[in-house]
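# Generate coordinates for the sequence data below:
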Amino acid sequence: MSTLTLAKANEIIEATLAKGIELELKPLSVAVLDSGGHLVAFQRSDGSSFMRYEIAAGKAYGCLALGVGGRWLNAQAQSRPHFLENLSAVSGGRIVAVPGGVLVKQDGRIIGAVGVTGDTSDNDEACALHGIEAAGFEADAG
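Residues are numbered from 1 along each chain as shown. The predicted model follows:
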């Protein structure tokens, strides 16, 4: 069974933050969760605001909770708000249903998720995709 190691999580974070610097984005924060929704690693750039951990982790958690990328969750929030309201309630408010949450896959199987926050959701997602792929995994943004 594949696992998302601390070393690989840190590779994802390093590449994600580097992409944000390359694109001259606002300070990013990155959470990497394993397939069970447990935190493997988190880092925030200097200058990040204080709620960034909760947002990044919530983006990744939502992806893992349903086995889909943040884009799918965002689309559901727009087309079926009642579904997302209830999902938020049963999760204790832990799910952040916007782009920037991306599943990490290996050989087609979900082994974790990455949540990125700090810039626009599209830019957050682009950095997460880059970080996951740079670490040698498949990325699924939904």
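
# What sits closest to residue 131 if chain neighbours are left out?
Nearest non-adjacent residue to residue 131, counting by C-beta to C-beta, 6 or more residues apart in numbering: residue 16, 3.2 Å away. For the C-beta atoms, the positions are set from N, CA and C on the backbone; glycine is no exception.

# Wasn't that neighbour part of a helix?
Yes - the assignment for residue 16 is a helix, going by DSSP: H, G, I helix; E, B strand; the rest coil.

# List the residues that contact it.
Contact analysis of residue 16 by C-beta atoms under 8 Å, 6 or more residues apart in numbering lists 28, 30, 114, 116, 127-128, 130-131.

# Next step: those restricted to strands.
Mapping these onto strands (DSSP state E) picks out 30, 114, 116.

# Can you tell me which of those residues are buried?
Using 16 or more other C-beta atoms under 10 Å as the burial test, the ones in strands among the contacts of residue 16 include 30, 114, 116 as buried.
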